[in-house]
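> build me a model from this:
(2 chains)
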Amino acid sequence: AQKVTQAQTEISVVEKEDVTLDCVYETRDTTYYLFWYKQPPSGELVFLIRRNSFDEQNEISGRYSWNFQKSTSSFNFTITASQVVDSAVYFCALSEVNDYKLSFGAGTTVTVRA
Amino acid sequence: NAGVTQTPKFRILKIGQSMTLQCTQDMNHNYMYWYRQDPGMGLKLIYYSVGAGITDKGEVPNGYNVSRSTTEDFPLRLELAAPSQTSVYFCASSRIDRFEWGRNTEAFFGQGTRLTVV
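Here you go, the predicted structure:
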């Protein structure tokens, strides 16, 4: 069973628009981590944010913000005032306390047009 | 700061050939992972290790072998290359402390190895 689902395959926006990426996860553990990674066209994987299951406080970090809701098993990520450099594939990932393996979603390709 | 280093960056193999993808990390992380990423797809776990001398299978281990003789190194071996193994391979490491939750880190990834089997 897929543990992390990113239903949006591709999103295209114009610069300065906000972009929200959806992530739904599945786990039986009560203790786990959630992550967002960015993969720019150059191919490397860049860590963006991490949240643990005990902390549902939503935060803002620069132009990034996230909305973690355990009740709906969702961990959505928003880029505010998007820029062309935000064009990348964004992955949501889950790490469960039993084994700490990272399970990735299929990714959402974000294209920001000037 | 080197972080996670993978070699080579690119490789073309012929069907049936063997090769080893090298991965080393200098952060003293206990956990290490190998993932493969097929075009347009997410990352799938091949093997992982929780410490020197301990390895375990991930989702897609067939056709691969690993070893972890030191904390720093986690090589991935392809014995008989097949076209289905054409992919980008990522090595990663993280620090996991099962008792000190707040000390756990995210996974740090290498730059990737682009492998083509023809």
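> now find how far off-centre the lowest-mean-pLDDT helix or strand in chain A is within its chain.
Lowest mean confidence among the helices and strands of chain A (mean pLDDT, DSSP states H and E): strand A:60-61, at a mean of 77. Its chain's average C-alpha position is 14 Å from that of strand A:60-61, according to CA atoms, centre = their mean, to the nearest Å.
> who's the closest spatial neighbour of the most centrally placed residue in chain B, skipping the chain neighbours?
The C-alpha lying nearest the average C-alpha coordinate of chain B belongs to residue B:34 (CA atoms, centre = their mean; 2.4 Å). Nearest residue to residue B:34, sequence neighbours excluded (CB to CB, 6 or more residues apart in numbering or on different chains): residue B:46, at 4.4 Å. (C-beta placed from N, C-alpha, C; glycine too.)
> gap between the one you found and chain A?
11 Å (CB to the nearest CB, to the nearest Å).
> tell me which helix or strand that residue sits in.
Element membership of residue B:46, judged by DSSP states H and E, is strand B:43-51.
> and that strand, which residues are buried?
By neighbour count with 16 or more other CB atoms under 10 Å in any protein chain shown, strand B:43-51 contains the buried residues B:43, B:44, B:45, B:46, B:47, B:48, B:49, B:50.
> pretty sure the third one contacts residue B:32?
So that's residue B:45. No. The criterion here is CB atoms under 8 Å, and residue B:45 misses it with residue B:32 at 11.5 Å.
> for chain A, what are the nearby residues on chain B?
Taking CB under 8 Å from any CB of the partner chain, the part of chain B that reaches chain A is made up of B:31, B:33, B:35, B:41-45, B:48, B:50, B:58, B:88, B:90, B:92, B:94, B:96, B:98, B:101, B:104, B:106-109, B:111-112.
> where do the helices sit along chain B?
Using DSSP state H, no helices are found in chain B.
> so can I have a markdown table of the buried residues of strand B:43-51 showing distance to residue A:109 and pLDDT?
As requested, those are exported to a markdown table (distance: CB to CB, whole Å; pLDDT from 0 to 100):
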| residue | distance to residue A:109 | pLDDT |
| --- | --- | --- |
| B:43 | 15 | 94 |
| B:44 | 18 | 94 |
| B:45 | 22 | 94 |
| B:46 | 24 | 96 |
| B:47 | 28 | 96 |
| B:48 | 27 | 94 |
| B:49 | 31 | 95 |
| B:50 | 33 | 91 |
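> which residues of the chain score low on pLDDT?
Using chain A. A:1-2 (pLDDT under 70).
> not quite, go with chain B.
Along chain B, the parts satisfying pLDDT under 70 run over B:1, B:101-103.
> now the strands for it?
In chain B, the segments counted as strands under DSSP state E are B:4-7, B:10-13, B:19-25, B:31-37, B:43-51, B:54-57, B:64-66, B:76-78, B:87-94, B:108-109, B:113-117.
> returning to what we had before: can the least confident helix or strand of chain A be said to contact chain B?
No. Strand A:60-61 is not in contact with chain B by CB under 8 Å from any CB; minimum separation 14.2 Å.
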